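Visitor: how would this look folded up:
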Amino acid sequence: MNIPEIHVGIMSAPALRLTLSGHFSCGDSSHVTGTVQLTESDGKVLYGGNTSEHLTFTPLSPECTVTLHDVTIGLEFHWQRHEDQTFRGAMHIFPVGNRLQAVNIIDIESYLTSVVSSEMNARACTEFIKAHAIISRSWLMAQLHPDNSLSRHRCSETDSEIVRWYDREAHSLYHVCADDHCQRYQGYQKASSPHVADAVAATAGMVLWHDGLLCDARFSKCCGGVTERFSTCWQPVDYPYLEAVTDTLCHMPHPDLAEEKGAAEWIGSHPDTFCSDPPREVLSTVLNDYDLETPDFYRWQVEYSDEELAGIIRSRTGKDFGRILSLTPLHRGLSGRIDRLEIKGTRLSMTIGKELEIRRSLSPTHLYSSAFTVHPSDYDPQGAPLRWLLRGAGWGHGVGLCQIGAAVMAHRGYTYDRILSHYFRGAHIKKLY
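Guide: Predicted coordinates for the structure are as follows:
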């Protein structure tokens, strides 16, 4: 099997500015270089006074790079920012509505070297990098492999309920996006560490395999002590290798986190797991600078006034609930993450899900996770809460590998295959190419 190519959606904007380092071919031009300005015009790409249905800037040598300016990363998350990003490979530009879409075409191994460096600090332990390269490759190949098509359960919306999830079917114009929705991919400058390149190369072609199929491997920043299963966050199907796992190798009894009492007990405590108290030196070699701005990921809390909460929910859902009277978890996954939440207001009551929709609806950006308990207080004479406290656990959806926990395992001397067998029970490593 040859190394496949991947099409990565980088950004879209009404206009794009590219800086080409080295010579590229584009249409009839064989030596394009320097700064290029592109705009959308009547459903076409306007470039140098001419319009085209699409353009592809193809490098004429492996050393060529293309820089896209003003790329948004962490879209709608609390670390959102803009930066210039430099890429190897070809850059394909085409119009979508009144915007231009930029798609990087690159081989999977080069892509993964950047992904691993973009998802974490390049100084991370080698065994952690190897483990992450294998799950990132597995997830990506599962999206492309024809034998791994998921049944396409539709998201639903009625007058009383909204249930949405955000997965790979969101992208029809390219294979994956470059942001947190898929995997962080921030270009060549994030792939410049020989340490990462060597670790990725050592696992080239390796994927996780289960029962004759590629594993749809997943990962998040911090599970909060117990990982979640697939159906809590995405389609209502489950995989044996993506079940709830307590983030410790020793037996740790814990309450039933799918029940309110058990979830409250767990979230209100600080159990000793791999991801509970990572040493600062581990965090600083795993998390990028903007991720280090989030120190309270294992246990966290946010507090709102009644006006703040009502305004956030109205802005994020587009629906006016009036004053919020109650937030009631109707269903939790095995890590305590809520996937159905009833919001009752003075003007409207609805149930929302799944976990990411809940996180988006209750925060100006995103809640760290949907594993939280609700604590209203300071009631007015009519019995409506004036203050709302949410106490939570973990950072991200919690499915599959816990990045903080895996980094601590590597720091303690566990090898990449032992790390993977901990988080993906029953899966084994297979080399595809």
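Visitor: Going along the chain, name the helices of the stretch 151-300 of the chain.
Guide: Assigned by DSSP state H, counting those that start in this stretch, the stretch 151-300 of the chain shows helices spanning 194-202, 260-267, 280-286.
Visitor: need the least confident one among those helices, by mean pLDDT.
Guide: Comparing the helices of the stretch 151-300 of the chain by mean pLDDT, the weakest confidence falls on helix 280-286, with a mean of 81.
Visitor: Tell me which residues are up against that one.
Guide: Residues from elsewhere that reach helix 280-286 (C-beta atoms under 8 Å, 6 or more residues apart in numbering): 120-121, 123-125, 128, 278, 292, 403-404, 407-408, 411. (Each C-beta comes from the backbone N, C-alpha and C, glycine too.)
Visitor: The same query, at a cut-off of 7 Å, please.
Guide: Contact partners of helix 280-286, identified using C-beta atoms under 7 Å, 6 or more residues apart in numbering, comprise 120-121, 123-124, 292, 403-404, 407-408, 411.
Visitor: List only those of those flagged as buried.
Guide: The neighbour count (16 or more other C-beta atoms under 10 Å) marks 120-121, 124, 403-404, 407-408, 411 as buried among these.
Visitor: Please spell out the segments of the protein that come in under the pLDDT threshold.
Guide: Across the chain, the ranges flagged by pLDDT under 70 are 74-80, 119, 122, 145-154, 168-170, 189-192, 288-295.
Visitor: which one in the chain is furthest away from the centre?
Guide: residue 381 (42.9 Å; C-alpha atoms, centre = their mean).
Visitor: Secondary structure class of that residue, three-state.
Guide: Assigned by DSSP: H, G, I helix; E, B strand; the rest coil, the conformation of residue 381 is coil.
Visitor: What are the boundaries of the strands in the stretch 1-150 of the chain?
Guide: Secondary structure of the stretch 1-150 of the chain (DSSP state E, counting those that start in this stretch): strands at 5-13, 15-26, 29-41, 44-47, 50-52, 55-59, 65-73, 81-87, 90-96, 99-107.
Visitor: so which of these comes closest to residue 273?
Guide: Shortest distance between residue 273 and the strands of the stretch 1-150 of the chain, using C-beta to C-beta, is found for strand 65-73: 29.1 Å.
Visitor: ok, back up a step: among the buried ones among the contacts of helix 280-286, give me the pair with the biggest separation.
Guide: In terms of C-beta to C-beta, these reach their longest pairwise distance at 121 and 408, which sit 14.3 Å apart.
Visitor: ok, of the contacts of helix 280-286, which one's closest to residue 181?
Guide: Closest approach between those and residue 181, by C-beta to C-beta: residue 403, at 16.4 Å.
Visitor: Surely that closest one and residue 223 touch.
Guide: No: between residue 403 and residue 223 there is no contact under C-beta atoms under 7 Å: 9.1 Å.
Visitor: returning to that earlier point: nearest to residue 139, of the strands of the stretch 1-150 of the chain?
Guide: Residue 139 lies closest to strand 5-13 among the strands of the stretch 1-150 of the chain, at 11.7 Å (C-beta to C-beta).
Visitor: Now find how far off-centre the closest one is within its chain.
Guide: In terms of C-alpha atoms, centre = their mean, to the nearest Å, the centre of strand 5-13 is set 16 Å apart from its chain centre.
Visitor: packing partners for that strand?
Guide: If contacts are counted by 3 or more C-beta pairs under 7 Å, 6 or more residues apart in numbering; DSSP states H and E, strand 5-13 sits against strand 65-73, strand 99-107, helix 108-119, strand 176-177.
Visitor: from the ones you listed, which stretch is densest packed?
Guide: Counting by mean count of other C-beta atoms under 10 Å, helix 108-119 has the highest mean neighbour count of those, with a mean of 25.
Visitor: Please identify the buried residues of stretch 344-356?
Guide: Neighbour-count burial for stretch 344-356 flags 345, 348, 350-356 (criterion: 16+ other C-beta under 10 Å).
Visitor: wait, which of the residues you listed is closest to residue 389?
Guide: residue 345 (18.3 Å).
Visitor: helix, strand or coil for the closest residue to the closest one other than its chain neighbours?
Guide: Nearest residue to residue 345 in three dimensions, chain neighbours excluded: residue 321, at 3.0 Å (C-beta to C-beta, 6 or more residues apart in numbering). State at residue 321, reduced to three classes by three-state DSSP: coil.
Visitor: Go ahead and confirm residue 238 touches residue 232.
Guide: No: if you go by C-beta under 7 Å, residue 238 and residue 232 don't touch, sitting 9.1 Å apart.
Visitor: With neighbour numbers in mind, choose between these two.
Guide: Remark: of residue 238 and residue 232, residue 232 carries more neighbours, 28 against 13, as counted by other C-beta atoms under 10 Å.
Visitor: At the geometric centre of the protein, which residue do we find?
Guide: Among the residues of the chain, the one closest to the centroid is residue 180, at 3.4 Å (C-alpha atoms, centre = their mean).
Visitor: Distance of residue 225 relative to residue 400?
Guide: Distance, residue 225 to residue 400, using C-beta to C-beta, to the nearest Å: 15 Å.
Visitor: what about residue 49, how many residues close to it?
Guide: Residue 49 is flanked by 5 other residues according to other C-beta under 10 Å.
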